[in-house]
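Q: Okay, sequence plus prediction incoming.
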Amino acid sequence: MRQVIVYPGEDGYWVVECTSLPGCISQGSTKEEAVANIKEAIRGYVAALEEDNLPVPEERFDAMLVAV
């Protein structure tokens, strides 16, 4: 299980990042498509690390909303 952040991009697409996997980012024309794409990106990221015998970073999230 991985936490992702989804937000609207400047180009009208939805951007989604998996912060526990540096550089693992995707996008989609809808939120649903963006989430589907990041799932695929996460699987590929982890598979590449495992193929290269590199450690897979642990999920580490501490989410917080800050009102300003």
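A: Looks like it came in fine. Residues are numbered from 1 along each chain as shown.
Q: Next up, the contacts around the nearest residue to Arg60 once chain neighbours are set aside.
A: Once flanking residues are discounted, Arg60 sits nearest to Ser20: 5.6 Å by C-beta to C-beta, 6 or more residues apart in numbering. Backbone N, C-alpha and C define where each C-beta goes, glycine included. Taking C-beta atoms under 8 Å, 6 or more residues apart in numbering, we find Ser20 in contact with 2-3, 57-61.
Q: Quick one: those as a markdown table, columns for neighbour count, secondary structure and pLDDT too.
A: A markdown table is the format used below for the contacts of Ser20 (neighbours: other C-beta atoms under 10 Å; DSSP: H, G, I helix; E, B strand; the rest coil; pLDDT from 0 to 100):
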| residue | neighbour count | secondary structure | pLDDT |
| --- | --- | --- | --- |
| Arg2 | 16 | coil | 93 |
| Gln3 | 13 | coil | 93 |
| Pro57 | 16 | coil | 94 |
| Glu58 | 6 | coil | 92 |
| Glu59 | 12 | coil | 90 |
| Arg60 | 8 | coil | 83 |
| Phe61 | 11 | coil | 78 |
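Q: Which of those sits closest to Gly44?
A: Nearest to Gly44 among the contacts of Ser20: Arg2, at 12.9 Å, using C-beta to C-beta.
Q: so how far is Ser29 from the closest one?
A: 22 Å (C-beta to C-beta, to the nearest Å).
Q: Tell me if Ala34 really is in a strand.
A: No - the assignment for Ala34, made by DSSP: H, G, I helix; E, B strand; the rest coil, is helix rather than a strand.
Q: Please enumerate the helices of this structure.
A: In the chain, the segments counted as helices under DSSP state H are 31-51.
Q: residue nearest the centroid of it?
A: Cys18 (2.5 Å; C-alpha atoms, centre = their mean).
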